[in-house]
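Undergrad: got a sequence here, can you model it:
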Amino acid sequence: MKFTLYAAQTVNGNIAGSGDRPISNKALWKSYYSIAKRFKAIVVGSRTYDIMLEHGTFGKIGRPFVVVCSRHRTAKSSGNVSFVRSVDEAADMLRRRGFGSALIGGGGGLNASFMRAGLVDELILDIDSSAFGEGTNLFSGTAFNARLSLIGVKKFSDEAVQLRYSVDSVRA
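TA: The predicted structure follows:
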């Protein structure tokens, strides 16, 4: 199973500002929708799930199967949404359901947990020319060291680029 981690981030590595304020670059949102539509399954954390639900994002990306990974949330799974407690449980569920790939679109904690577990195969990072002094880092709360190989660079505009990396190795 292949996991691709996608994030839009500022030049200083934040995926959201304080109060979950998102990056407002329209080119990056267009890029996200385009990438997310290629996946039939997406894994998010519970806060990201709530934000995406509130903004109707799942409809904009084709209503994928959604796995919400949260140690604290105990909602019942239904329809195309399942709740799990760990990244390993998320990966096992997706494999059992026959998915060959999934997009990880979580917060810093979820992103770091997938990396530490060695489950991420590719990173797609859309980088905006802004910086948030406070906010949510791309990876947070879990220590790991990863070795990546740059496989692509795409310039959107004078304000944004996309970097694509394959994950060569991860040490916890």
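
Undergrad: show me what counts as buried in the strand or helix carrying residue 29.
TA: Using DSSP states H and E, residue 29 falls within helix 26-36. Under the neighbour-count criterion of 16 or more other C-beta atoms under 10 Å, helix 26-36 has 28, 29, 31, 32, 35, 36 buried. (Each C-beta comes from the backbone N, C-alpha and C, glycine too.)

Undergrad: how about the residue nearest the centre of the chain, what does it touch?
TA: With distances taken as C-alpha atoms, centre = their mean, the residue of the chain nearest its centroid is residue 105 (2.0 Å). Residues near residue 105 by C-beta atoms under 8 Å, 6 or more residues apart in numbering: 5, 6, 7, 36, 42, 43, 44, 48.

Undergrad: what residues does the helix holding residue 29 touch?
TA: 6, 8, 42, 60-62, 64, 103, 105, 124, 126, 128, 156-157, 159-160, 162.

Undergrad: state the mean pLDDT of the one helix or strand residue 94 maps to.
TA: Secondary structure from DSSP H and E places residue 94 in helix 87-96. The average pLDDT within helix 87-96 is 97.

Undergrad: other SSEs contacting that helix?
TA: Helix 87-96 sits against strand 41-45, strand 65-69, strand 81-84, helix 108-116, with contacts defined as 3 or more C-beta pairs under 8 Å, 6 or more residues apart in numbering; DSSP states H and E.

Undergrad: now these in JSON lines, with mean neighbour count?
TA: Formatted as JSON lines, the helices and strands packed on helix 87-96 follow (neighbours: other C-beta atoms under 10 Å):
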{"stretch": "strand 41-45", "mean neighbour count": "25"}
{"stretch": "strand 65-69", "mean neighbour count": "24"}
{"stretch": "strand 81-84", "mean neighbour count": "19"}
{"stretch": "helix 108-116", "mean neighbour count": "23"}
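
Undergrad: among the ones you listed, which is nearest residue 99?
TA: With C-beta to C-beta, the closest approach to residue 99 among the helices and strands packed on helix 87-96 belongs to strand 41-45: 4.6 Å.

Undergrad: just want the angle from that closest one to helix 108-116.
TA: Interaxial angle, strand 41-45 versus helix 108-116 (axes from the mean of the first three to the mean of the last three C-alpha atoms, to 10 degrees): 120 degrees.

Undergrad: residues touching the helix or strand following strand 41-45, excluding its own?
TA: Heading C-terminal from strand 41-45, the first helix or strand you meet, by DSSP H and E, is helix 46-54. Here helix 46-54 makes contact (C-beta under 8 Å, 6+ apart) with 20, 44, 57-58, 66, 68-70, 72-73, 81, 105-107, 110.
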